[in-house]
Each structure stands twice: as structure tokens, then as C-alpha cells.
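Undergrad: Let me see the structure of the following:
(one chain, ligands or ions: 1)
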Amino acid sequence: MPGIRKNEKIRYRAAGPFFIIQLVKPENLNALEGEDYIYLGELLELADKDPNVYFTVLQSSGRFFSSGADFKGIAKAQGDSSVEYASETSKWLSNFVARNVYVTDAFIKHSKVLICCLNGPAIGMSAALVALCDIVYSMNDKVYLLYPFANLGLVTEGGTTVSLPLKFGINTAYEHLMFNKPFKYDTLCESGFISKNFNMPSPSSETFNTAVLDELRSKVEGLYLPSCLGMKKLLQSNHIDSLNKINSMEVNESLKYWVDGEPLRRFSQLGSKQRKHRL
Ligand SMILES: CCCCCCC/C=C/C(=O)SCCNC(=O)CCNC(=O)[C@H](O)C(C)(C)COP(=O)(O)OP(=O)(O)OC[C@H]1O[C@@H](n2cnc3c(N)ncnc32)[C@H](O)[C@@H]1OP(=O)(O)O
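TA: Below is the predicted model of the structure:
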């Protein structure tokens, strides 16, 4: 498999029919900067092109799956004087629109079966990517998904305008999005979002990742794997058009919020702990 550049927060490896991507920066709860999200998109492309890969498995480490966009990275993008932009619109087209649309698109069109090993909570853009996965396993009942767009002066992104109503129902999606309310384990289970809870204590994300992979290995034994990809293509066709459409609508709607500056003010409050999410 041809390699791509390395990233200190994200590792990848191929193991038989599985392409494994792991977030490995537990110190900041696996928060990701724009370049890291791009890297995730590039890894998905790598998995897509590998004929021996049938399943792309997302794993993480530590107590969170991912706490979403890194507020330090956002402050960096705002204060970066090494790049001169013609306007605020131009700046956020580069720093937000292009990146966001790219990684979301990589998840929407991914041709291999996307499996998420949810070791803990996921927030924001990372939680949006979890909602684009085909199968989700949880480590225990401490997991939750939070889409804090209303608290951060943003709008739905990463396809969540479509994926959340699809997976939880439109009224539940409204309630959680409008009032910045986490989707807790009970809701994730009742809706069928989580396929299996591995019921492991919190500090054991490595054991959980290994257990999921062992179980997957035995589940795929004897299967004709091209059938899985054929079915993925057919199942994907149910919603791919609306996801593609919303990916573009979401970033264009969001752009004016970035240009006006409200998300920056709120991300900076988050970084200085003046703003918190209600969990
Ligand atoms: C593709 C384009 C990219 C741009 C996308 C832009 C659009 C935005 C998308 C989003 O993802 S919105 C969501 C952003 N994320 C958040 O709002 C979560 C912020 N974090 C928190 O609210 C809390 O940390 C927590 C997740 C509720 C956990 O709280 P807890 O008290 O348990 O731990 P902390 O002490 O707060 O955190 C530990 C450690 O981790 C650092 N950290 C946590 N989250 C982030 C983050 N998002 N960015 C950077 N660093 C983060 C936190 O600062 C602590 O570090 P130290 O202070 O100990 O060094």
C-alpha cells in the first residue's frame, strides 16, 4: 500500500480486509485541527483505493473519541499573519469551507463499510463524522454525541442536517440541535445508532479496540466480501444525493457566521473556559 505523510495525532494501518484509523492524542481529548480533518479525508481515499480493504475502522484512545475542532487551531487560523487574505470571506473559504466540504465528502462517498469504535463521547465535527459511519459500537454507556453548533455561533455541518434526522427522527434532531443537548447512550441505543455495547470500563480503550477487531474478524469469516461492498453501494444510494446537496448548503450557510466573527468569539471563550457546554 503506498503510504502518505505521517500525522502525530492520527495513525493508520491495514490488517487483512480492515483499514484501521486511530486517533492518538488523548491529552487534548483527540481534538483535531483543520489539517487533521484533511488527513482523515486523505486516509479514507487511501482505504477507498486499496482493493484488499473492505472495512474502514475508526478507533480512538483515552476517555473521549474526539472533542471536535481544536480551539487552539481555530485561534491560529484567525491570528495567522503569514498568509494575507484579500478578505474575511477569502480567509474562511480556505480555513473552513474548503476543509469542511472535503472531509465531509470523503465520508459521504466512501465505498468501504465504515465502522466506528466509540470509546467515549464525540463532539462537533468529529461527532458529525461518527454520524456518517455505517456501524457504531460503543465501549460502554458513558458515550454521547454533542453537536454544540447553537452554543458556538455555528450551524449544522458535516452532513448533520440530513444524518441526524435520518438516524434519530426529525423532532429528536430538532430538540438536540436547538437546545445544544447531547445525544446520550439511551437515545443512541433506542434509535439503533449503536449496534452493540461492549460494556467495558472507561480506561480500557485499547482492550475495546482489540475486542471489536477480534469480533469483526470472526464475523467476516466465510463471507464473500465483494457482496458487502455491493450492498454498501446500494444502501448508500438511499441518501447520497441529499447528503451531497446538504454538504454544500451547510458550508455556504456557515460562511457568513465565520465572516461575522461570532464562532471565533465563542471558541475563544471555550478555550479560556469562560464558556462551557451543558452536558
Ligand atoms: C474541517 C474543518 C475544521 C474546522 C471546523 C470548525 C467547525 C467546528 C466544529 C466543531 O467541532 S464544534 C465543537 C468544538 N469542540 C468543543 O466545543 C468541545 C470543547 N471542549 C469541552 O467542552 C470540554 O473540554 C469537554 C469536551 C466537555 C471535556 O471537559 P473536561 O472537563 O472533561 O476536560 P477538559 O479539562 O476541558 O479537557 C482536557 C484537555 O483537553 C483540551 N481540549 C478539550 N477539548 C478541546 C478542543 N476542542 N480543542 C483543544 N483542546 C481541547 C482541554 O483544553 C484540556 O487541556 P489542558 O487544559 O489540560 O491542557
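Undergrad: Could you pull up the residues touching the residue positioned nearest the centre of the chain?
TA: The centre of the chain sits closest to Leu129, judged by C-alpha atoms, centre = their mean, with a distance of 2.5 Å. For Leu129, the contact set (C-beta atoms under 8 Å, 6 or more residues apart in numbering) comprises Leu40, Leu58, Val103, Thr104, Phe107, Gly158. C-beta coordinates here come from the backbone N, C-alpha and C atoms, glycine included.
Undergrad: can you tell me if the helix or strand the first one falls within touches the ligand.
TA: Put plainly, it is Leu40. Taking DSSP states H and E as the criterion, Leu40 maps to helix 34-49. Yes: Helix 34-49 is in contact with the ligand by C-beta under 6 Å from any ligand atom, via Gly34, Tyr37.
Undergrad: what comes into contact with that helix?
TA: Residues contacting helix 34-49 (C-beta under 8 Å, 6+ apart): 1-2, 4-5, 7, 9-10, 12, 19, 21, 32, 53, 56, 69-70, 73, 77, 95-96, 99-100, 102-103, 105-107, 110-112, 125, 129.
Undergrad: ok, now with 7 Å
TA: Helix 34-49 has contacts (C-beta atoms under 7 Å, 6 or more residues apart in numbering) with 4, 7, 9-10, 12, 19, 21, 53, 56, 73, 77, 95, 99, 102-103, 106-107, 110-112, 125.
Undergrad: who in the stretch 51-200 of the chain is up against the ligand?
TA: Going by C-beta under 6 Å from any ligand atom, the residues of the stretch 51-200 of the chain near the ligand are 67-72, 96, 99-100, 103, 123-125, 148, 152, 154.
Undergrad: re earlier: of the contacts of Leu129, which is the nearest to Val83?
TA: Lowest distance from Val83 to the contacts of Leu129 (C-beta to C-beta) belongs to Val103, with 20.4 Å.
Undergrad: From Ser218, how far off is Glu88?
TA: Look at Glu88 and Ser218: by C-beta to C-beta, to the nearest Å, they are 53 Å apart.
Undergrad: quick revisit: can you tell me which of the contacts of Leu129 is nearest Gly222?
TA: Of those, the one sitting nearest to Gly222 (C-beta to C-beta) turns out to be Leu58, at 24.9 Å.
Undergrad: what about Glu88 and Ser218, which has more around it?
TA: Neighbour count, other C-beta atoms under 10 Å: between Glu88 and Ser218, Glu88 has more, with 14 against 8.
Undergrad: Is it correct that the more buried one is in contact with Val259?
TA: Yes: taking C-beta atoms under 7 Å as the definition, Glu88 is a contact partner of Val259 at 4.6 Å.
Undergrad: Show the residue spans covered by the strands in the protein.
TA: Counting by DSSP state E, the chain has strands at residues 10-15, 18-23, 55-59, 113-118, 122-123, 135-138, 144-146, 183-184, 196-197.
Undergrad: Mind picking out the helix or strand in this structure with the poorest mean pLDDT?
TA: When the helices and strands of the chain are scored by mean pLDDT, DSSP states H and E, helix 71-79 comes last with a mean of 82.
Undergrad: From the contact counts, what lies against that one?
TA: helix 262-271 (3 or more C-beta pairs under 7 Å, 6 or more residues apart in numbering; DSSP states H and E).
Undergrad: quick one on the thing from earlier: which of the contacts of Leu129 sit farthest apart?
TA: Most distant of the contacts of Leu129, by C-beta to C-beta, are Leu58 and Thr104, 14.8 Å apart.
Undergrad: what's the burial count for the closest residue in space to Arg278 that isn't next to it in sequence?
TA: Nearest residue to Arg278, sequence neighbours excluded (C-beta to C-beta, 6 or more residues apart in numbering): Asn180, at 6.5 Å. Neighbourhood size, Asn180 [other C-beta under 10 Å]: 16.
Undergrad: do the one 5 residues further on as well
TA: Using other C-beta under 10 Å, Tyr185 has 19 other residues around it.
Undergrad: That one against Val143, yeah?
TA: Yes: in this structure Tyr185 lies within contact range of Val143 using C-beta under 7 Å: 5.8 Å.
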